[in-house]
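# dropping a prediction and its sequence here:
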Amino acid sequence: MIRRRGSRTLVNLVGVAVALVMAFPVYWMAATALKPSGDILSSTPHVLPWPVTFEHFQTAVTRPFFVDYLRNSLVVVLAAVVLSILTAALAALAVARLRWRGRRAYLLLIILAQTAPLEALLIPAFLVLRDAGLLNRLPALVLTYFMVTLPFTVWTLRGFVAAIPVELEEAAMTDGCTRLGAFRRVVFPLLAPGLVATSVFAFITAWNEFMFALVIMQEQDKLTLPVWLATFRTAFGTDWGGTMAASTLFTLPVLVFFLLVQRRLVSGMSAGAVKG
Amino acid sequence: MHIRHLVTALSAVTVVILAGCGAPASETPEAAAPSTLTVWYMTGSLPDDVAASLKKDFEGSHPGVTVEYQVQQWDGIGEKLTTALAGDQPPDVLEIGNTQVAQYAAAGGLTDLSDAVGTFENSDSWLPGLAEPGKWEGKTYGVPFYAGTRTVIYRTDLFEQAGVAVPTTWDELLALGEPLRAAFGAGNPQFMPLYLPGQQWYTLASLVWDEGGELAVPAGEGWKGALATPQGQAGIARYQQLYSALSTAPADTDEATPQQYEILSQSGAAMMIGLPWELASAVEAAPELDGKLGVFALPSKTAGKLAPPFVGGSDLAVPLGSDAPDLAKEFIGLVAGTDTQTALAEAGAIPNSSALAGVAADNEVLQTGIEAAAVGRATPVDPTWASVETAPNPLKDMLTQVLQGVPVQQAAAAADDLITERMSS
Amino acid sequence: MLLGWPVVRDVAISFQRLGLAELVQRRTVWIGLENYREVLADPFFWTVVLRTVVFTLVNVALTMVLGLAVALLLAAVSRAVQIALSVALVLAWAVPPISATVIFQWLFDTQFGIVNQALTGLGLDFADHSWFATGISTFGVITALVVWQAIPLVALSLFASTTAVGPEQYEAAAMDGAGPWRRFTAVTWPAIRPMVLVLTFLSVIWDFKVFTQVYGIRQGGPNRETVTMALYAYQQGIGSREFGTAAAISVIMMLMLTAGLAWYARLMVRSAEDEQ
């Protein structure tokens, strides 16, 4: 018994150590953001941010267009995620439940689309939008993020739909529901964890994206937060305090989102994988 | 209803709805109407008050015209300019780095401004470091906006305490190491006389030119790297000499990480080679340094002369797709003219013309920069040069290698190969 | 079709000469296989291919092994440590890659980085040590960054899968006299195997085309020693304004990834078929 307790303590210690290592970079980001500039560039490390200053945060949020960027980011990213998830849910249903010609090719295309390096699609996407006359409009950005996230969301949701026993749906349909009704009443609620898990990924991808926003949007008040983050890194140098403060603020929404959905996210991931 | 059709229909509907509601009427693009002049400049290029008074003047003399500024950031600027010129609504006036004009002009993205040159004030005395790179195949596409020239920025208080004077020759500069280290090295083991990071290629260019060399020379149809020439190697050796005599900064970073003015403001070094705004930033970071920073130009190997500095800076151009090119030319005339240039000089920029050298007679810092700019040089004028500066910049990598012990000849030859390759595409 | 559009356009561009001039003047110049010929003839390209494959293998292996280790750790520690560790994992996960890259640059900064200061404090000679002096060392930092951010997903998903295993199964195995290793191979592994496959698949795709982190840390330096395929496509193509070349490289990347994952993809498509 004593030996077991000893090994349990050891395991816990390892657990704490791993937690510290994993969290340290994030701590260091926040700590740096709270230090006065003189303490940041110092040859003796200040492990605790003392004295604390909020000057970097203040500089960060008072940059021109911060509010516009924040609003644009939220609107564009949320719109793209919602659109992507809804479409993907239907597409996932179509590929997981229905047999149609070209279905196999469609699945392959989805896999292929995921292998495409995003940076290389910059110019093709620009040309597509230029031909469509959509440049410099926020919906174009929504559409771009929608297209960029769609292959992944379809692919992941397909796994989730496949994990839902088809019998449930059939039972609903014999009870008089249409296929769509069965989808809405039976499949959709069961799909919820999957939708959460998938939307988190779509959210992060779109939230982070910098180059497409920069190229598609021309006017500065139509840009997004990653562009604001980049203003702290100029050709002439990096303002560490400002960058760290901005990074902290930039991370916060994602973090809040994550902590809120963490439990569902993990159970969703494992549910989807069973039949993945 | 077939689900697949529903999917298509739904996504189409959503897109339409979004497209319909996402762009409120109040935000309809103004560029369609020629009464708006859209002007892009880089962050920091125009002080706010100068920009505001320019707008006021121009709108006042052109009733019905609105000037709209878009301030651009450095990150991703190449992609931004490329797609802006290729897009449907390019701006009307564009600031472009002087070494970048040629590639956009050669691609057919800019308006030929040759006819208008005569109408611009001081066009006969434009700084060659700005005017030459603004030309392509004999035509003018870029009008000099402002220049930036690096000089040595030093701490007058530290120089006084160490009892040393401003060097006027190369050897005097190298000899500063000993007394400065003796005075401050004991109290701060990280102290270095000059903060010269390994990858400050602008300084390398200056030293190569001082030796009579070039970064690249025309060869046949294209260009080839010229660092492995005797003059090129001599320039690299000078950089090595300067670094080993005065600097212990990392060999594999440039002046941007960390920002070198922060080192100077924390007394980590007594000198740095930088731009006037870096001096201002040092004072901002450490207000007690106000009045304790001076500048001198990098001395040549020939006594009494200056090493030709790299003239950075910007030109103004008009995209070919601009719907108001005439207004754009007039606006450029205003920015490039004596009044605005004087205002810019008061804010610390080097004006675009040597005729305006006198505007800063009472400003020692600016005056030194202006004098240096007069003998300054720019990088090879060719559309392909821009790709040499694209990361990873072979000049930077070469400097790091040399400082880490790779023979000059070998590193220079390797860099030449890369330069030649990049300038041949 | 919507989702494949930019990819199709990308393939088309790979057969065109599309430089700055063609882009600005809206010309379409077909040049057949010229872009491919140029890329395949570049000896540096093959160095990059080999490097990218090795990089992907190392990163995926590290991610999966460490992620699995952390998952097992999560299952073994006490409740309080479990919560602390989960929170730390979520923190590391939530940091957007752009910010994470900046943080790691700052951690490993030559003069003021906490890593050098800490190692020096431990009595090692790391004062002014440059982590970015050689390609290997720079790759080390990049790998640390990529793996640090990839562990949370793997660990949390696998942990969720292990919770699907009831304690009675372990007890039964223990009754049979199974040691820890036997218990792992007989009970845990079968439960998490599908999840491991999915995560490996995703990790291979993500690590093979990783861009933000590699570009952000050193732009492929020193001396092009950390240029991977995504960077090569970006620098040869977009940096030098040869968009046709960029498209060709990206098509090659897609083909390589698809070929590499073909066996796996077939398995997935087939299992999708079987779900009918």
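Ah, there it is.

# what's the distance between C:Val204 and chain B?
Applying C-beta to the nearest C-beta, to the nearest Å, the value for C:Val204 to chain B is 26 Å. All C-beta atoms are positioned from the backbone trio N, CA, C, and that covers glycine.

# do the one helix or strand that residue maps to and chain A come into contact?
Applying DSSP states H and E as the criterion places C:Val204 in helix C:189-208. Yes. Applying C-beta under 8 Å from any C-beta of the partner chain, one finds helix C:189-208 touching chain A at C:Pro194, C:Met195, C:Leu197, C:Val198, C:Leu199, C:Ile205, C:Phe208.

# put the alpha carbons of that helix into PDB.
Taking C-alpha atoms only, helix C:189-208 is exported to PDB below (Å, rounded to 0.1, in the frame of the first residue of the first chain):
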ATOM      1  CA  TRP C 189      -4.600   0.100 -27.100                       C
ATOM      2  CA  PRO C 190      -7.600  -1.500 -28.900                       C
ATOM      3  CA  ALA C 191      -9.800   1.200 -27.400                       C
ATOM      4  CA  ILE C 192      -7.700   4.100 -28.600                       C
ATOM      5  CA  ARG C 193      -6.400   2.700 -31.900                       C
ATOM      6  CA  PRO C 194      -9.000   4.300 -34.200                       C
ATOM      7  CA  MET C 195      -8.400   7.700 -32.500                       C
ATOM      8  CA  VAL C 196      -4.600   7.200 -32.900                       C
ATOM      9  CA  LEU C 197      -5.100   6.600 -36.600                       C
ATOM     10  CA  VAL C 198      -7.300   9.700 -37.100                       C
ATOM     11  CA  LEU C 199      -4.800  11.900 -35.200                       C
ATOM     12  CA  THR C 200      -1.900  10.500 -37.100                       C
ATOM     13  CA  PHE C 201      -3.600  11.200 -40.400                       C
ATOM     14  CA  LEU C 202      -4.400  14.800 -39.400                       C
ATOM     15  CA  SER C 203      -0.900  15.400 -37.900                       C
ATOM     16  CA  VAL C 204       0.800  14.200 -41.100                       C
ATOM     17  CA  ILE C 205      -1.300  16.700 -43.100                       C
ATOM     18  CA  TRP C 206      -0.700  19.500 -40.700                       C
ATOM     19  CA  ASP C 207       3.000  19.000 -40.200                       C
ATOM     20  CA  PHE C 208       3.800  18.400 -43.800                       C
END
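
# so how far is C:Leu261 from the nearest residue to B:Val71 once chain neighbours are set aside?
Distance criterion C-beta to C-beta, 6 or more residues apart in numbering or on different chains; nearest residue to B:Val71, sequence neighbours excluded, is B:Thr43 at 5.3 Å. Distance of B:Thr43 to C:Leu261, computed by C-beta to C-beta, to the nearest Å: 43 Å.

# swap in A:Asp239?
A:Asp239 is 42 Å from C:Leu261, by C-beta to C-beta.

# so which of the two has more stuff around it?
A:Asp239 (23 against 20; other C-beta atoms under 10 Å in any protein chain shown).

# how many other residues sit next to the closest residue to the more buried one other than its chain neighbours?
Nearest non-adjacent residue to A:Asp239, counting by C-beta to C-beta, 6+ apart: A:Phe232, 4.8 Å away. Residues lying near A:Phe232 (other C-beta under 10 Å) number 24.

# and A:Phe232, what does it touch?
A:Ala60, A:Thr238, A:Asp239, A:Gly242, A:Thr243, A:Ala246 (C-beta atoms under 8 Å, 6 or more residues apart in numbering or on different chains).

# and the fourth one, what does it touch?
Looking back up the chat, that one is A:Gly242. Contacts of A:Gly242 (C-beta under 8 Å, 6+ apart): A:His56, A:Thr59, A:Ala60, A:Phe232.

# contacts for whichever strand or helix holds C:Gly216?
Element membership for C:Gly216 (DSSP H and E) is helix C:212-218. Identification of contacts with helix C:212-218 by C-beta under 8 Å, 6+ apart yields A:208, B:392, C:97-98, C:100-102, C:104-105, C:132, C:138, C:141-142, C:145-146, C:220, C:226, C:228, C:230-231, C:234.

# could you rerun that using 7 Å?
Contacts of helix C:212-218 with the rest of the structure, by C-beta atoms under 7 Å, 6 or more residues apart in numbering or on different chains, involve C:97-98, C:101, C:104-105, C:132, C:138, C:141-142, C:145-146, C:220, C:226, C:228, C:231.

# so for the most centrally placed residue in chain C, what's the pLDDT?
Nearest to the mean C-alpha position of chain C, by C-alpha atoms, centre = their mean, lies C:Asp207 at 2.0 Å. Note on C:Asp207: pLDDT of 93.

# cool, B:Ala373 as well?
At B:Ala373, the model reports a pLDDT of 88.

# hang on, it packs against B:Pro144?
No. Here B:Ala373 lies out of contact with B:Pro144, judged by C-beta atoms under 7 Å, at a distance of 10.9 Å.

# name the residues contacting each of these two.
Jointly contacting B:Ala373 and B:Pro144 under the rule C-beta under 7 Å, 6+ apart are B:Leu127.

# so which bits of the helix holding C:Gly216 are buried?
Residues of helix C:212-218 classed as buried by neighbour count (16 or more other C-beta atoms under 10 Å in any protein chain shown): C:Thr212, C:Gln213, C:Val214, C:Tyr215, C:Gly216, C:Ile217, C:Arg218.

# closest to B:Ala51 out of those residues?
C:Gly216 (31.7 Å; C-beta to C-beta).

# tell me which of the contacts of A:Phe232 fall in strands.
Among the contacts of A:Phe232, the members found in strands (DSSP state E) are A:Thr238.

# and the contacts of A:Phe232, which is closest to A:Trp50?
The closest of the contacts of A:Phe232, once distances to A:Trp50 are taken by C-beta to C-beta, is A:Gly242, at 19.6 Å.

# next one: the strand or helix carrying B:Leu54 to chain centre, how far?
Taking DSSP H and E as the criterion, B:Leu54 maps to helix B:48-61. Taking C-alpha atoms, centre = their mean, to the nearest Å, one finds the center of helix B:48-61 at 25 Å from the center of the full chain.

# how about that helix as CSV, C-alpha atoms only?
The C-alpha trace of helix B:48-61 is given here as CSV (Å, rounded to 0.1, in the frame of the first residue of the first chain):
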residue,chain,number,x,y,z
ASP,B,48,-0.4,63.1,-38.6
ASP,B,49,-0.3,66.9,-38.7
VAL,B,50,1.5,67.0,-42.1
ALA,B,51,-1.0,64.5,-43.5
ALA,B,52,-3.9,66.5,-42.2
SER,B,53,-2.7,69.8,-43.6
LEU,B,54,-1.9,68.2,-47.0
LYS,B,55,-5.5,66.9,-47.1
LYS,B,56,-6.9,70.3,-46.2
ASP,B,57,-4.8,72.2,-48.8
PHE,B,58,-5.6,69.7,-51.5
GLU,B,59,-9.3,69.6,-50.8
GLY,B,60,-9.3,73.4,-50.6
SER,B,61,-7.8,73.9,-54.0
